[in-house]
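**Student:** sequence unknown, structure follows:
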């Protein structure tokens, strides 16, 4: 069974991550993935880097500790807005042999 971490993010406090969580939990159930952690940055812009997003920072620390095999996110824009930041995230995942699932590809 694959160990998956969900990453949820919304940009404003008026929004919620409920829909993202619900959809990603359904995908995990369908694929028999075990959700081991859920990381969330609510009300935080995707333009902020890792240091400004505690959920993303905790996720990447979990990846470094090899606690997950797969990171699942709603879409690529939930991970970040900067191409440089996205490439760094992908490099970190690849270095630890962690896969990435994007629900809205």
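**Tutor:** Everything's here; your move. Because the structure is predicted, anything quoted here is derived from the model rather than measured.

**Student:** ok, now which residue in the protein is the farthest from the centroid?
**Tutor:** Computed with Cα atoms, centre = their mean, the residue of the chain farthest from its C-alpha average is residue 14, at 20.3 Å.

**Student:** Model confidence score at it, please.
**Tutor:** Reading off the confidence values, residue 14 has pLDDT 76.

**Student:** Distance-wise, check it relative to residue 43.
**Tutor:** Residue 14 is 8 Å from residue 43, where distance means Cβ to Cβ, to the nearest Å. No exception for glycine: its C-beta is placed from N, CA and C like everyone else's.

**Student:** wait, residue 32 sits on residue 70?
**Tutor:** No. The criterion here is Cβ atoms under 8 Å, and residue 32 misses it with residue 70 at 11.9 Å.

**Student:** Measure how buried the residue lying closest to residue 13 once chain neighbours are set aside is and give me the count.
**Tutor:** Closest residue to residue 13 apart from its sequence neighbours, by Cβ to Cβ, 6 or more residues apart in numbering: residue 43 at 4.1 Å. Neighbourhood size, residue 43 [other Cβ atoms under 10 Å]: 14.

**Student:** any chance you could map the helices in this structure?
**Tutor:** Assigned by DSSP state H, the helices in the chain fall at 18-31, 54-64, 76-79, 83-95.

**Student:** Any buried residues in the third one, and which?
**Tutor:** For helix 76-79, the neighbour count (16 or more other Cβ atoms under 10 Å) marks 76, 78-79 as buried.
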